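K.L.:
no sequence for this one, just the structure:
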């Protein structure tokens with residue numbers, strides 16, 4: 001019996017593939033990427049160039065030196081960092097148990113919770129702060145009488161602003177693990193609900209929690225509207241005041257704030273990459 005075989009074409013005889021569409025797509029992709037990069041980098045470069053001209057005829061970092069020597073710079077930055085950390089902790093205490101319980105027991109309520117956490121995107125900051133002042137600016141809920149009580153109200157407002165970012169980070173982290181199996185295993189060992197959250201859920205959400213926390217930090221550190229109307233001496237109002245009284249220092253401040261924000265974004269990317277490895 002004879003078996004017919006079909007000869008396999010060699011590389012020279014193989015049909016050629018038209019690389020034209022692929023090259024054209026690559027060209028347009030690089031073109032749009034270049035335009036987008038220029039859109040962001042050109043204003044940033046111009047701002048950095050202007051910040052170096054504080055001394056006449058000399059390019060240097062005199063504006064940065066004046067900025068860091070300003071007696072209001074470090075206190076405002078420190079206060080904003082404290083507010084950001086407090087808002088992150090408060091948001092975690094609210095979002096993590098809520099997202100965990102919805103994932104475990106009430107999955108049908110996820111659309112409702114998502115809608116509630118999206119409200120900070122819908123309600124402008126100026127409307128939010130006026131509502132807070134009207135509600136908590138009179139007895140019996142008087143929280144705007146002193147600087148300390150207004151600061152507590154400000155931290156609560158920042159925690160609310162972080163809900164969209166924190167909830168999605170935590171929800172994605174919970175979907176990536178088997179919450180029900182981990183909970184049942186912990187319960188079989190006699191763990192209570194607070195113990196399950198503290199020793200099982202939180203450790204498995206490290207990357208998600210850090211991502212949401214860093215996003216919240218980047219937002220809070222330069223927030224202006226709410227802090228300004230609540231008369232808080234934070235980083236955002238300090239930046240706004242600096243633009244009204246200085247020439248070169250505001251550009252240096254913009255570069256510093258941009259560096260802080262992108263440092264937080266870089267940490268998110270680094271943590272996510274390490275987790276994937």
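P.N.:
Perfect, I can see it now. Fair warning: this is a prediction, and the values are worked out from it, not measured in the lab.
K.L.:
how many neighbouring residues does residue 85 have?
P.N.:
Residue 85: 15 surrounding residues under other CB atoms under 10 Å. C-betas here are computed from N, CA, C, even on glycine.
K.L.:
low-confidence stretches in the protein?
P.N.:
Low-confidence segments of the chain (pLDDT under 70): 1-21, 271-277.
K.L.:
do that again at 80, thanks
P.N.:
Applying pLDDT under 80 to the chain picks out residues 1-25, 57, 261, 264-277.
K.L.:
tell me the centre residue of it?
P.N.:
Centroid-nearest residue in the chain: residue 215, 1.5 Å away (criterion: CA atoms, centre = their mean).
K.L.:
give the contact list for the nearest residue to that one once chain neighbours are set aside.
P.N.:
Once flanking residues are discounted, residue 215 sits nearest to residue 165: 4.3 Å by CB to CB, 6 or more residues apart in numbering. Applying CB atoms under 8 Å, 6 or more residues apart in numbering to residue 165 gives the contacts 212, 215, 216, 219.
K.L.:
show me what whichever strand or helix holds the first one packs onto, helices and strands only.
P.N.:
Okay, so that is residue 212. Residue 212 is part of helix 206-220, with elements assigned from DSSP states H and E. Counting contacts by 3 or more CB pairs under 8 Å, 6 or more residues apart in numbering; DSSP states H and E, helix 206-220 packs against helix 73-104, helix 147-161, helix 163-175, helix 249-276.
K.L.:
possible to save those as CSV with distance to residue 119?
P.N.:
Output for those, formatted as CSV (distance: least, CB to CB, whole Å):
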stretch, distance to residue 119
helix 73-104, 14
helix 147-161, 8
helix 163-175, 8
helix 249-276, 24
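K.L.:
nearest to residue 31, of these?
P.N.:
helix 249-276 (24.5 Å; CB to CB).
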